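Q: I would like to see how this sequence folds:
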Amino acid sequence: MKALVHSSVLVSAIASSIGSLVIITIILLLSNLFFKKETMGWGDVKLAGVIGLFLGFQNFLIVLWLAALGGSVYGIWLMRRRGMLRESKLPFGSFLAITACVVLYFQETISELIQSWLTYAQ
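A: So this is what the prediction gives:
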């Protein structure tokens, strides 16, 4: 019985990792196509896969949303401060890593918050 439980956890973790890789790869390819230049590196894709492996797919989506929000705030702050965004580049992976740590630390609180939103929506 224990082997079955461990294998289902492993399959779930691998599926979460693959889902995270697919989502971030689609974002990478579409953004490269749209902006006609390299917008993210493949290191960001690998990091997303590891985050999905350890945190799960639902928490990866939260990490991705928070990282995009944090990167946007940082970009807007740079544009207002310097007038140009090109001078200082901070890789998206740094925002992924920071928000992954935040989501890992507040994982239970986030899950409770999502559950309360889902029950409220019904």
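
Q: rest of the way, CA atoms for contacts and neighbours
A: Noted.

Q: and the helix-or-strand element of the chain with minimal mean pLDDT, C-alpha only, in PDB?
A: Ranked by mean pLDDT, DSSP states H and E, the weakest helix or strand in the chain is helix 107-121, scoring a mean of 86. Only the C-alpha atoms of helix 107-121 are listed here, as PDB (Å, rounded to 0.1, in the frame of the first residue of the first chain):
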ATOM      1  CA  GLN A 107       1.600  27.500   1.100                       C
ATOM      2  CA  GLU A 108      -1.000  26.600   3.700                       C
ATOM      3  CA  THR A 109      -2.300  30.200   3.900                       C
ATOM      4  CA  ILE A 110      -2.600  30.400   0.100                       C
ATOM      5  CA  SER A 111      -4.400  27.000  -0.100                       C
ATOM      6  CA  GLU A 112      -6.900  28.100   2.600                       C
ATOM      7  CA  LEU A 113      -7.500  31.400   0.800                       C
ATOM      8  CA  ILE A 114      -8.100  29.600  -2.500                       C
ATOM      9  CA  GLN A 115     -10.500  27.200  -0.800                       C
ATOM     10  CA  SER A 116     -12.500  30.000   0.800                       C
ATOM     11  CA  TRP A 117     -12.700  31.800  -2.600                       C
ATOM     12  CA  LEU A 118     -13.900  28.600  -4.300                       C
ATOM     13  CA  THR A 119     -16.600  27.900  -1.600                       C
ATOM     14  CA  TYR A 120     -17.700  31.600  -1.800                       C
ATOM     15  CA  ALA A 121     -18.000  31.400  -5.600                       C
END
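
Q: now the helix or strand containing residue 78 against helix 107-121, angle please.
A: In this assignment (DSSP states H and E), residue 78 forms part of helix 57-82. The directions of helix 57-82 and helix 107-121 differ by 100 degrees, with axes from the mean of the first three to the mean of the last three CA atoms, to 10 degrees as the criterion.
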